[in-house]
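Asks: based on what follows, work out the 3D shape:
(one chain, ligands or ions: 1)
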Amino acid sequence: MAKTSKKKEAKQALVAEKNEQAMVAGILEGSPEGIGVVIVRLECGCRKMAAVAKDGEPASKIIIYRDQAESICPKCKEDNGDFMRVTEAFIHWATPEPSESEKEIISAKVLGTMPATS
Ligand SMILES: [Zn+2]
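Replies: Predicted coordinates for the structure are as follows:
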């Protein structure tokens with residue numbers, strides 16, 4: 001059987017989208033402790049974000065919002081963006097970025113309890 005040359009696609013690092021970046025900037029501005037912002041994308045299209053401090057603790061309140069909408073969707077109003085509906089979660093690091101090892105520790109602490117992203 002011929003092996004299909006299935007090149008394993010390098011898992012693309014998740015990066016903040018343009019509209020998310022604006023939020024991230026605003027959150028970091030209001031959270032001097034923050035060295036990054038956790039971005040959680042929900043299947044409904046809403047987003048949850050919170051600044052994270054160097055020790056992996058939250059450095060801001062969790063913000064939940066929906067692009068180009070005055071309010072979040074009814075589902076999120078109900079369950080507040082339940083983990084079950086998370087499609088992606090990652091940290092957008094502020095510059096200067098922490099070292100790789102620091103990132104790993106913080107990511108594990110912050111995202112460790114969240115479902116794996118695919
Ligand atoms: Zn929603």
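Asks: up against the ion, what does the chain have?
Replies: Proximity of the chain to the ion, by CB under 5 Å from the ion, involves residues 44, 46, 73, 76. Bear in mind the C-beta positions are built from the backbone N, C-alpha and C, glycine included.
Asks: quick one, phi psi at the nearest residue to the first one once chain neighbours are set aside?
Replies: Yep, that's residue 44 we're talking about. Excluding its sequence neighbours, the residue lying closest to residue 44 (CB to CB, 6 or more residues apart in numbering) is residue 73, at 4.9 Å. Main-chain torsions, residue 73, degrees, to the nearest 10: phi -70, psi 160.
Asks: now which of the residues of the chain next to the ion would you call buried?
Replies: 46, 76 (16 or more other CB atoms under 10 Å).
Asks: in helices, which of the residues of the chain next to the ion appear?
Replies: Applying DSSP state H to the residues of the chain next to the ion, the entries found in helices are residue 76.
Asks: could I get the residues of the chain next to the ion as TSV with distance to residue 110 and pLDDT?
Replies: Listed next are the residues of the chain next to the ion as TSV, based on distance: CB to CB, whole Å; pLDDT from 0 to 100:
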residue	distance to residue 110	pLDDT
44	22	97
46	19	97
73	24	97
76	20	97
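Asks: tell me where the model's unsure across this structure.
Replies: Within the chain, the segments meeting pLDDT under 70 span 1-12, 113-118.
Asks: again, 50 this time
Replies: 115, 117-118 (pLDDT under 50).
Asks: SS state for the residue most central in space within it?
Replies: By CA atoms, centre = their mean, the chain has its centre lying nearest to residue 39, at 1.9 Å. For residue 39, the assignment made with DSSP: H, G, I helix; E, B strand; the rest coil gives strand.
Asks: any idea what it is bridged to?
Replies: residue 49, residue 90 (DSSP bridges).
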